[in-house]
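Enquirer: with the input below, show me the fold.
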Amino acid sequence: MLSALVALVLALIAIVLVVAARRPDTFHLERRIDIHAPAAKVFDLIDNFHHWTLWSPWEGIDPELKRTYTGAERGVGAGYAWEGNSKVGSGSMQILEADPSTRVRLRLDFLKPFEAHNQAVFTIATSAAATTVTWAMNGPQAFPMKVMGLFMSMDSMVGKDFEKGLAAMKAVAEGR
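Expert: A predicted model of the protein is given here:
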């Protein structure tokens, strides 16, 4: 009886590992929102890390959060590092590309609670009706993340934070 149970558990573990190994080596997540404000105003909220305190979904989680700003104040070369409690962790961001009122690309390095190296891209598109902001993140998906992804996806872990951040960005940009 015990040997059959052990064999079943080992078979289930093997199935999980094989399924995880077949998952993609990268992930992509994105959210978008329409904002009724000029693209330049929205761009300024993204292109300057000092303004992220107004809308970032992670800002209010740790009141003792330590922030360090490096490099340029805004645009290419601007850097931001954070160190916080176990919910916020630690890491850094650096702006790699900043096309006025249209696009900002960041390198995003998480150190704690787990190490990850990703890119985030904010795309800003204007129309007669609104300024549409798309916040995307992509990066490699190491094997442990592939296994974890079978039970909890990156989209479910981070997607709601993106939605919360974009909603806050909208409120700030629209002056609410």
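
Enquirer: ok, residue 46 - contacts?
Expert: Neighbour list for residue 46: 104, 122, 124, 133, 169 [criterion: C-beta atoms under 8 Å, 6 or more residues apart in numbering]. All C-beta spots, glycine's among them, are computed from the backbone N, C-alpha and C.

Enquirer: what do you get if the cut-off is 7 Å, keeping everything else the same?
Expert: 104, 122 (C-beta atoms under 7 Å, 6 or more residues apart in numbering).

Enquirer: check residue 123 too.
Expert: Residue 123 touches 103, 134, counting by C-beta under 7 Å, 6+ apart.

Enquirer: repeat that with 10 Å
Expert: 30, 32, 99, 102-105, 132-136 (C-beta atoms under 10 Å, 6 or more residues apart in numbering).

Enquirer: quick one: buried ones out of those?
Expert: Neighbour counting by 16 or more other C-beta atoms under 10 Å classes 103-105, 132-136 among the contacts of residue 123 as buried.

Enquirer: tell me what residue 132 is bridged to.
Expert: residue 34, residue 125 (DSSP bridges).

Enquirer: how close does it sit to residue 174?
Expert: Taking C-beta to C-beta, to the nearest Å as the measure, residue 132 and residue 174 are separated by 14 Å.

Enquirer: intersection of neighbour lists for these two?
Expert: 35, 42.

Enquirer: just the element for the residue nearest the centre of the chain, please.
Expert: Note on the chain: the residue nearest the mean C-alpha position is residue 137, at 5.4 Å, using C-alpha atoms, centre = their mean. Residue 137 belongs to strand 131-140 when elements are defined using DSSP states H and E.

Enquirer: done for today, thanks.
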